[in-house]
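Asks: need the 3D shape of this:
(chains A and B)
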Amino acid sequence: GDSVTQMEGPVTLSEEAFLTINCTYTATGYPSLFWYVQYPGEGLQLLLKATKADDKGSNKGFEATYRKETTSFHLEKGSVQVSDSAVYFCALSRNAGNNRKLIWGLGTSLAVNP
Amino acid sequence: NAGVMQNPRHLVRRRGQEARLRCSPMKGHSHVYWYRQLPEEGLKFMVYLQKENIIDESGMPKERFSAEFPKEGPSILRIQQVVRGDSAAYFCASSQDRGSYEQYFGPGTRLTVT
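Replies: This is a model prediction of the structure:
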């Protein structure tokens, strides 16, 4: 069945460092891909998405490109801030007919030090 | 426009009691999803509902768990005879009837079974 694999954390970076969080998926066809962020004690917020191959999602300085050939959707940011400290989840959904459930990676915890 | 609302935010139940978790979707959204986040595990899909209909319950435990989304009022996730293993964060999300089907999440209900 469909699955998502994320790099394990925690990831600890200094402010202004470059961030990459790897995400690969297993699915037939062309699922939609998402990154969600969960700040401490809060719910999940959609960070960015891509719905077809070679699409690039971007938001708040974060980017991820839908790579069909490598089945990947890695999250990147050029310069992280302390406020980016959170848990990041990669997810996929088929969004086809009645199949709309999100299938999640385990999450990657990011801590950014000043 | 108010976001997805969940209540209570925190719920403590003794083993054997019933837990009722409520979710009010965003205005204009008619689709509701429930997810569970267990300690040390990722997020898992539980159930997908539209008004008065269960569309996909493939992630629901076969016993003790039920969900509804009545014509009027919030969606309810009900857990009967709770056990310690039910302790988790339960998140509700909602989406539109058409379009991008993006899921917007509530803040979650943290259930603790003592």
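
Asks: so who does residue 85 touch?
Replies: By default, I'm working from chain A. Contact partners of residue A:85, counting by CB atoms under 8 Å, 6 or more residues apart in numbering or on different chains, are A:110, A:111, A:112. (Each C-beta comes from the backbone N, C-alpha and C, glycine too.)

Asks: looking at chain B here, not the other one
Replies: residue B:113.

Asks: just read off the phi/psi values of it.
Replies: For residue B:85, the backbone dihedrals (degrees, to the nearest 10) come out as phi -70, psi -10.

Asks: near chain A, which residues of chain B show up?
Replies: Counting by CB under 8 Å from any CB of the partner chain, the residues of chain B lying close to chain A are B:4, B:31, B:33, B:35, B:41-45, B:48, B:55-56, B:58-59, B:91, B:93, B:95, B:100-108.

Asks: one step back: which one of the contacts of residue A:85 has the most neighbours?
Replies: Within those, most neighbours by other CB atoms under 10 Å in any protein chain shown means residue A:110, with 21 neighbours.

Asks: show me what the helix or strand harbouring it is packed against.
Replies: Assigned by DSSP states H and E, residue A:110 belongs to strand A:108-113. Other elements packing on strand A:108-113 under the criterion 3 or more CB pairs under 8 Å, 6 or more residues apart in numbering or on different chains; DSSP states H and E are strand A:11-14, strand A:19-21, strand A:86-93.

Asks: let's see that with 6 Å instead.
Replies: strand A:11-14 (3 or more CB pairs under 6 Å, 6 or more residues apart in numbering or on different chains; DSSP states H and E).

Asks: the strand it packs on pairs with which strands, parallel or anti?
Replies: strand A:108-113 (parallel) (DSSP bridges).

Asks: centre of the chain to the partner strand, how far?
Replies: With CA atoms, centre = their mean, to the nearest Å as the basis, strand A:108-113 stands 14 Å off its chain's centre.

Asks: what does that strand contact?
Replies: A:6-7, A:9-15, A:21, A:80, A:82, A:84-85, A:87-88 (CB atoms under 6 Å, 6 or more residues apart in numbering or on different chains).

Asks: let's see the pLDDT reported for the spatially most central residue of chain B.
Replies: Among the residues of chain B, residue B:34 comes closest to the average C-alpha position under CA atoms, centre = their mean, at 3.7 Å. We have a pLDDT of 98 for residue B:34.

Asks: C-terminal to the host helix or strand of it, what's the next element?
Replies: According to DSSP H and E, residue B:34 maps onto strand B:31-37. Counting by DSSP H and E, the next helix or strand C-terminal to strand B:31-37 is strand B:43-50.

Asks: after that next one, next one along is what?
Replies: That would be, after strand B:43-50 and using DSSP H and E, strand B:53-56.

Asks: list the helices and strands that following strand packs on?
Replies: Against strand B:53-56 (3+ CB pairs under 6 Å, 6+ apart) you get no helix or strand.

Asks: touching that strand from outside, list them.
Replies: Residues outside strand B:53-56 that contact it (CB under 6 Å, 6+ apart) are A:98, B:48.

Asks: list the buried ones in that strand?
Replies: Residues of strand B:53-56 classed as buried by neighbour count (16 or more other CB atoms under 10 Å in any protein chain shown): B:55, B:56.

Asks: I appreciate the help and will end here.
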